[in-house]
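A.B. asks: can't give you the sequence, but here's the structure:
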C-alpha cells in the first residue's frame, strides 16, 4: 500500500476534535508518547489501530489515510459531472457523482477519462417510437468488445451493460442535451455529444 496515515493528518484531526495528545492516547489505550511519535513522523500507528483512531477522530479510515476529510454539504449534483470506473479483473462498472476512492477485486481504480468517438467507435442514433436506438459500429468478440453504453444529462443517468458476442446496441430515452458514452475494453471510454 502506497498510502498510509501521516502524522500531520493525525495532529490536524486531533486538534479539530479539541483533544490533547494525552486524551487521544487514553481513548486508544496507548501512551501519549506514542501519539507524539505518530505526529512527528517517528512512528506509525499499527494497522489494528486505524479503525479505533478514525472512530475517535470522527472520520472514515479512507479519510484518515488520504488526509482529506469529506464534508457532506448536501449540494445538488449535476450528473454531467459523473465519474465512471471499470474493474479490469471482473468488469464491474461503477458510477459516482463526485470525488471518491474506488477499489474492486483488490485494485484501486482510476476514474475513466472520455475521448471523443473515432471512426472505430462510431455511435449511430435512430429514432424508434418514443425512444432512440443507439448502435456502436464495433466488433463484439470475446477479446474485443463494447462493455457498456450510457446516456448522461444534467439530471439523468441511464446505462446498459453489454456482453461479448452480443450486439453493441440498446434503446435510450434521449431527452435534452447530454452525452452518449461507450466503453471499449481495449480503447477505453468514448463519448458523443447529443442534443443542443
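C.D. replies: Received it, and whenever you're ready, just let me know what you need. Not measured: the values here are computed from a predicted model. Numbers count the residues shown, from 1 in each chain.

A.B. asks: any idea how far residue 157 is from residue 82?
C.D. replies: Counting by CB to CB, to the nearest Å, the gap from residue 157 to residue 82 is 6 Å. Placement of C-beta: from N, CA and C, glycine included.

A.B. asks: Settle it for me: which of the two has more neighbours?
C.D. replies: Higher neighbour count among residue 157 and residue 82: residue 82, with 18 against 15, using other CB atoms under 10 Å.

A.B. asks: Next, the buried residues of the lowest-mean-pLDDT helix or strand in the chain.
C.D. replies: Least confident helix or strand of the chain, by mean pLDDT, DSSP states H and E, is helix 61-66 with a mean of 80. Neighbour counts over helix 61-66 (16 or more other CB atoms under 10 Å) mark 63-66 as buried.

A.B. asks: circling back: okay, and the common contacts of residue 157 and residue 82?
C.D. replies: Between them, residue 157 and residue 82 have residue 95 as joint contacts when contacts are counted by CB atoms under 8 Å, 6 or more residues apart in numbering.

A.B. asks: Give me the contact list for the longest helix along the chain.
C.D. replies: Longest helix in the chain, counting residues (DSSP state H): helix 7-16. Here helix 7-16 makes contact (CB under 8 Å, 6+ apart) with 21, 24, 35, 38-41, 45, 53, 57-59, 64, 67, 69.
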